[in-house]
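>>> the sequence and its predicted three-dimensional model are supplied below.
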Amino acid sequence: RFKVVGQLVSRGLAQAAQPRLVEALATGNLSRARALYQSATTWLVALTWPLWLGYALCAPWLLGLLGAGYAPGSAVALILAVTMMLAGACGMVDVVLTAAGHTRSSLANLVAALTVATVCGVFLTPVYGAAGAALAWASGTLVKNLLPLWQIHRRLGLRPFGAHSLGALRFWRSR
C-alpha cells in the first residue's frame, strides 16, 4: 500500500512538470529543463523519503502486530523502502528521456529492466522466498531508473540534484 502512495506522488509531480519539461527540451532550453528536473526530484525526495523511512523503521513493529508469521516480511519492507528511495532520488528520468525524444532508449531500458527482474526472480525466489522476489523486483526497478539516469546525463548533461535543488526547498520554507 505504501508503494502506491509513493507512486501517486511521483506521477503527480511528473504530470505537473512534464508539459514545461517537454517545452524546454523542444526549444533547446537545457537550463530550464535542468531546473525543472532538479526541482521535481527534490520535491519527490522531500515528499516520499519520510514515508519510506517510516515504513522501513516501523515495518518490523507493524508486522509483529499481525503475528509471528509476518515477521519475515520485514526484510521485504526494507528492500522495498530502500529501492523506492533510490528510485525517487533518480527523479522522473524516464519522463525526461522520452520528452527528449529518446523513446527507443526508454523501451530498451524497460526490456532490460524486465529481463533483469525476471532472471533474478527465477534464481532468487526459490532460494530466498519473498525476500528473493523483492530483490528481483528491486533489481529491475534499479535498472529501470539507473539506465535512463546515465543516458540523460550522457546525452543532455542533466542530473537529478544540483543548484535548483536547494531553491525548491527554500520556496517551501518561505510559504
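Alright, I've got the coordinates.

>>> which residue ranges of this structure form helices?
2-26, 30-66, 73-90, 93-99, 103-128, 130-156, 163-173 (DSSP state H).

>>> in a markdown table, list those along with mean pLDDT and mean neighbour count.
Glycine gets a C-beta too; all of them are placed from N, C-alpha and C. Shown next, in a markdown table, are these (pLDDT from 0 to 100; neighbours: other C-beta atoms under 10 Å):
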| stretch | mean pLDDT | mean neighbour count |
| --- | --- | --- |
| helix 2-26 | 84 | 16 |
| helix 30-66 | 90 | 18 |
| helix 73-90 | 94 | 20 |
| helix 93-99 | 94 | 24 |
| helix 103-128 | 98 | 15 |
| helix 130-156 | 97 | 19 |
| helix 163-173 | 65 | 13 |
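
>>> tell me how far the residue nearest to A133 when sequence neighbours are not counted lies from A56.
For A133, ignoring the flanking residues on the chain, the nearest one in space by C-beta to C-beta, 6 or more residues apart in numbering is T125 at 4.7 Å. The span separating T125 from A56 equals 22 Å under the rule C-beta to C-beta, to the nearest Å.

>>> is the residue nearest to A133 in contact with W137, as I believe?
No: contact criterion C-beta atoms under 8 Å: T125 and W137 do not qualify, at 10.0 Å.

>>> go ahead and flag the most central residue of this structure.
A87 (2.3 Å; C-alpha atoms, centre = their mean).

>>> can I assume it is in contact with L146?
No: look at A87 against L146 with C-beta under 8 Å: they stay out of range, at 9.2 Å.

>>> how close does the closest residue to A113 other than its chain neighbours get to A112?
Once flanking residues are discounted, A113 sits nearest to K144: 3.8 Å by C-beta to C-beta, 6+ apart. Plainly put, K144 is 8 Å away from A112 if you go by C-beta to C-beta.
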